[in-house]
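Quick one, what's the 3D model for this:
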Amino acid sequence: MSPPSEPVARPARRRGRLVRWIGRPGTAIALLGVAVVVGVVQGQPPPAARDSGVSVPVRESDRAVPDERSYTRSPGTLLVVLDGGLVRFDTAAGRAEKVTLPRGVTALRAWNQDGHDLLLGRIANGRTVAYQLRPGPRYLGAAEVMVPGADNASVWLVSRLVATRVPLAGGARARVPLPPKSRLVGDTPSGLVVSTGTVPDPVLPPSRRETPTPTPAPSATAPSATAPSATALSGSAPSGSATATPPAPTGTVSASAGGTPSVSGTGTPPAVPTTPPYTTASPVPSTGPDGVPLTTLVVGRDGRTRFLAAAEAIAAAGNVVLLRDQDRRLAVVSPRAGAAPATLRQLPKLNAIEAIGPGALDSRGQTFAVLGRTNDYAWLMVGPTSAETNGAINVVALDGGAPPPGAAPPAFTASGRVLTVRPDGRIVYYAPGERDGFTLGDELPPATAVAQA
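Numbers count the residues shown, from 1 in each chain. As a prediction, the model looks like this:
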């Protein structure tokens, strides 16, 4: 018999070069960095910035409209408020045409509704009025607040806590009393959405300073104005003689203001309540001796009031109301009877950005756009009202400082794109979900409000 053979020992298999290279700590860190860079290039923020949404830069444009390769649809003609006047700006041709305003009226807001150009303006005595500009100037009435009607064929004007439905193309008027200390935010098929109280904007810490805003001199070419009589404010067109007021402040302002507020650049600015779209009414705060509860209500055509939410309404469209609670967290709710509070749903909160408003919803209530702020820097927050994660919200950089008090709300185009004005007066155009925003009308003077014509 032959002795048992010894087992043959096989040499240990050596790790391949690739395995050894990947196993090094430095290589693992480098691969992680590459993955982050690739994600950022594709529009995703780095992991540490998930609570701040997806950052979107704004590209400066030498022309009115960027290249077709990077720009899918033109906004067409815009209505732009410039230095208290109004122009129609053709973004394709880069041409601006001055719009003739009624005598003595300074433009604050303008937008197109079903082919009608509408204007909210200030007259010489400081009161605000509403006009329909096309096909011809038509005085609609005194208006502390003006919002589009849910039927798109009318507007609602508010004066002394009475909302009046004014048809744009025939039909009867309607009057609805509003609750005390409330303000009208929007019209829905379920009724008028109003809010009481407001969430003050965050105060900058002492180490931060507001960006100074120069006060423009009154236009030398301002037309002679006509001061309306007492009867004019109750329904007839203004008449008389006076001098036009200086250009209105950027965005929404109180009736006592007369020009762009100047900021000294020193000290801590006071908290400023956010003002709803298309209004010159000053919100009543929720704190202090005269404070009122923070609520959103629905007012029926018969004047009956229904509680909706303990939050401030920012915008309303269709069957969606955009809210902001006392912690400045956004939420959406349905205004339909019996739907709230079961339908109230909070949106993801971006910890690095304060949602200060104002804001807007697209016509279907599926996309929101709200002005935000980080210290003295402004952002445009855009996202779906169904957002469940921070990554679903895009934050568009708005250079030029913090949003000024009474900044104009963003405006949606018919195709669902967003228009807004930066603190420095430049117009920004953004398609929700895209990786870049664009400036439009770089050749225009600083604007205070913009909407699609």
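
could you dump stretch 306-323 to CSV, C-alpha only?
Extracted C-alpha coordinates of stretch 306-323, given in CSV (Å, rounded to 0.1, in the frame of the first residue of the first chain):
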residue,chain,number,x,y,z
ARG,A,306,-67.1,79.1,7.4
PHE,A,307,-63.8,78.4,9.2
LEU,A,308,-61.2,76.7,7.0
ALA,A,309,-57.8,76.7,8.8
ALA,A,310,-55.8,78.3,11.6
ALA,A,311,-53.3,79.7,9.1
GLU,A,312,-52.8,82.6,6.7
ALA,A,313,-54.0,82.2,3.2
ILE,A,314,-51.5,83.2,0.5
ALA,A,315,-53.3,82.3,-2.7
ALA,A,316,-56.4,80.5,-3.9
ALA,A,317,-57.2,79.0,-7.3
GLY,A,318,-59.8,76.4,-8.2
ASN,A,319,-60.4,74.1,-5.3
VAL,A,320,-57.0,74.7,-3.7
VAL,A,321,-56.0,77.3,-1.1
LEU,A,322,-52.3,77.8,-0.3
LEU,A,323,-51.7,78.5,3.4
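
Any buried residues in it, and which?
Buried residues in stretch 306-323, defined by neighbour count with 16 or more other CB atoms under 10 Å: 308-309, 311-323. Placement of C-beta: from N, CA and C, glycine included.

And stretch 394-410, by the same measure?
Going by neighbour count (16+ other CB under 10 Å), the buried part of stretch 394-410 is 394-396, 398, 400-410.

What of stretch 290-310?
292, 294-299, 305, 308-309.

thinking again about what came up before, take the buried residues of stretch 394-410 and keep only those in strands.
Among those, the members falling in strands (DSSP state E) are 394-396, 398.

Out of these, which is nearest to residue 189?
Using CB to CB, residue 394 comes nearest to residue 189 of those, at 29.1 Å.

and that closest one, what does it touch?
For residue 394, the contacting residues are 53-56, 381-383, 430, 432-433, by CB atoms under 8 Å, 6 or more residues apart in numbering.

Likewise for residue 395?
Residue 395 sits next to 52-56, 350, 353, 372, 379-382 when contact means CB under 8 Å, 6+ apart.

hey, what's residue 354 bridged with?
Taking DSSP bridges as the rule, residue 354 bridges to residue 373.

ok so, going back, identify, from the ones in strands among the buried residues of stretch 394-410, the entry nearest to residue 419.
Minimum distance to residue 419 across these is 11.4 Å, recorded for residue 396 (CB to CB).

Look up how far residue 435 lies from that closest one.
Relative to residue 435, residue 396 is positioned 11 Å away (CB to CB, to the nearest Å).

Now list whatever residues contact both of the two.
Shared contacts of residue 396 and residue 435 (CB under 8 Å, 6+ apart): residue 56.

shaky segments in the stretch 1-150 of the chain?
Low-confidence segments of the stretch 1-150 of the chain (pLDDT under 70): 1-52, 61-73.

May I have the phi/psi pair for residue 390?
When read as degrees, to the nearest 10, the backbone of residue 390 gives phi -60, psi -30.

Identify the residue nearest it in space, chain neighbours excluded?
Counting by CB to CB, 6 or more residues apart in numbering, the nearest residue to residue 390 once its immediate chain neighbours are dropped is residue 348, at 4.6 Å.

Just say helix, strand or coil for that neighbour.
At residue 348, secondary structure determined by DSSP: H, G, I helix; E, B strand; the rest coil is coil.

Now that it has come up, it's in contact with residue 385, right?
No. Between residue 348 and residue 385 there is no contact under CB atoms under 8 Å: 11.7 Å.

For residue 350, give its distance to residue 54.
10 Å.

which residues do the two both contact?
With CB under 8 Å, 6+ apart as the test, residue 350 and residue 54 both reach 393, 395.

Export the contacts of residue 395 as CSV, with columns for neighbour count.
Shown next, in CSV, are the contacts of residue 395 (neighbours: other CB atoms under 10 Å):
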residue, neighbour count
52, 19
53, 27
54, 21
55, 17
56, 20
350, 24
353, 22
372, 25
379, 26
380, 25
381, 24
382, 28
